[in-house]
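Colleague: Make a model of this:
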Amino acid sequence: MFSTPSKVSSLIRPLNTLRLARNQSTLVLVEHNNEKLNPVTLNAITAARALGGEVNCLVAGTSCGGVAKEVSSVEGISKVLVAEDAAFEGFMPEKLTPLLLASQDQFKFTHIIAGASAFSRGLLPRVAAQLDVSPISDIIGIKDSETFVRTIYAGNAIMTLKSMDPVKIVTVRTTAFEAAAVGDGAASVES
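Modeller: The predicted model follows:
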């Protein structure tokens, strides 16, 4: 009598993993100053492409159409989501967190990635707390979609970390990944 539910759940778990692997998508948080793209974003895009699956970018700001156009020309980007509002002036984490949560709720990304910077260190831990997942900071390598390499003990040791969270919130050490090339892609831009 008790063996039936365990048999069913043992069949469902692999199917859920298979579903996630097939529909894997990554959101890259674009860092910019409303005029030009911050280079850390290009390193984060390279890391996102290493994960496989669809790569989307989120550009949030006050008048960031030029930045969205620049990001859409990066090879390997499927879609650029643009959110322009006066509330995003100054890129305050308190204002951007609800936007990221709404994007996650709508699109169900498996990974949210940004370049390691003061901007992402202020924003992504808030998003991770709201999603009830652990943030993974300053990765220097990607083994697969759930396994990451990062330094610990002030860089004196390297740790391999496997995350079983439904969404991985990741910051990327920019020196560990090449910058993606701008100019070869043609992603769609959605407001």
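
Colleague: show me where this protein has helices.
Modeller: Applying DSSP state H to the chain gives helices spanning 3-22, 40-51, 65-72, 93-107, 118-131.

Colleague: Pipe those helices into JSON lines and attach mean pLDDT, mean neighbour count and distance to residue 59 per row.
Modeller: C-beta: built from backbone N, CA, C; applies to glycine. As requested, the helices of the chain are arranged in JSON lines below (pLDDT from 0 to 100; neighbours: other C-beta atoms under 10 Å; distance: least, C-beta to C-beta, whole Å):
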{"stretch": "helix 3-22", "mean pLDDT": "42", "mean neighbour count": "10", "distance to residue 59": "26"}
{"stretch": "helix 40-51", "mean pLDDT": "96", "mean neighbour count": "24", "distance to residue 59": "9"}
{"stretch": "helix 65-72", "mean pLDDT": "93", "mean neighbour count": "20", "distance to residue 59": "5"}
{"stretch": "helix 93-107", "mean pLDDT": "96", "mean neighbour count": "16", "distance to residue 59": "11"}
{"stretch": "helix 118-131", "mean pLDDT": "96", "mean neighbour count": "18", "distance to residue 59": "13"}
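
Colleague: pull the longest strand from the chain.
Modeller: strand 135-144 (DSSP state E).

Colleague: Residue 113 contacts residue 172, correct?
Modeller: Yes. The criterion here is C-beta atoms under 8 Å, and residue 113 meets it with residue 172 at 6.1 Å.

Colleague: which neighbours do those two share?
Modeller: Shared contacts of residue 113 and residue 172, defined by C-beta atoms under 8 Å, 6 or more residues apart in numbering, comprise 44, 47.

Colleague: Surely residue 150 touches residue 158?
Modeller: Yes. Here residue 150 lies in contact with residue 158, judged by C-beta under 8 Å, at a distance of 7.5 Å.

Colleague: Tell me which of those two has more neighbours.
Modeller: Using other C-beta atoms under 10 Å, the more surrounded residue of residue 150 and residue 158 is residue 150, with 21 against 12.

Colleague: residues contacting the closest residue to the more buried one other than its chain neighbours?
Modeller: Among residues not flanking residue 150 along the chain, residue 139 sits closest, at 4.9 Å (C-beta to C-beta, 6 or more residues apart in numbering). Residues in contact with residue 139 (C-beta under 8 Å, 6+ apart) are 47, 148, 149, 150, 170, 171, 172, 173, 176.

Colleague: these two touch, right, the third one and residue 138?
Modeller: Meaning residue 149. No. The pair residue 149 and residue 138 does not pass the contact test of C-beta under 8 Å, sitting 10.3 Å apart.
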